[in-house]
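**Q** predicted model and sequence follow; I will ask about them next.
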Amino acid sequence: MIIETVIPMPRKRKSPPVTPEMAAKIKALIDVGVCQHDIAAHFRINQGRISEINTGMKFPGIEPVQIEMIFA
């Protein structure tokens, strides 16, 4: 008698969808020199999404938000 054990494969994590508001913040962070991998980690999205926004493939008409850098 052969008993088969099925081991479920782990599901891929999906990045949350990028909203226009997120894209505006991402563009602002890119403009001030934050690395793409740091931005991706902050928003918990794939770095490829950051690259698509940076190159204009996604959200080309969205302008960056005004951000204020505070140094303590």
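**A** Okay, I see it.
**Q** low-confidence stretches in the protein?
**A** Within the chain, the segments meeting pLDDT under 70 span 1, 69-72.
**Q** so which residues of it form strands?
**A** In the chain, no segments count as strands under DSSP state E.
**Q** how many neighbouring residues does Lys14 have?
**A** Other residues within reach of Lys14 by the criterion other CB atoms under 10 Å amount to 8. Using the backbone N, CA and C atoms, a C-beta is placed for each residue, glycine as well.
**Q** so it versus Asn46, what's the distance?
**A** Separation of Lys14 from Asn46 (CB to CB, to the nearest Å): 9 Å.
**Q** for Glu4, same thing?
**A** 35 Å.
**Q** between the two, which one's more packed in?
**A** Using other CB under 10 Å, the more surrounded residue of Glu4 and Asn46 is Asn46, with 14 against 4.
**Q** ok, the more buried one - contacts?
**A** Residues near Asn46 by CB atoms under 8 Å, 6 or more residues apart in numbering: Ser15, Ala40.
**Q** same thing but at 10 Å, please
**A** Arg13, Lys14, Ser15, Val18, Ala40, Glu52 (CB atoms under 10 Å, 6 or more residues apart in numbering).
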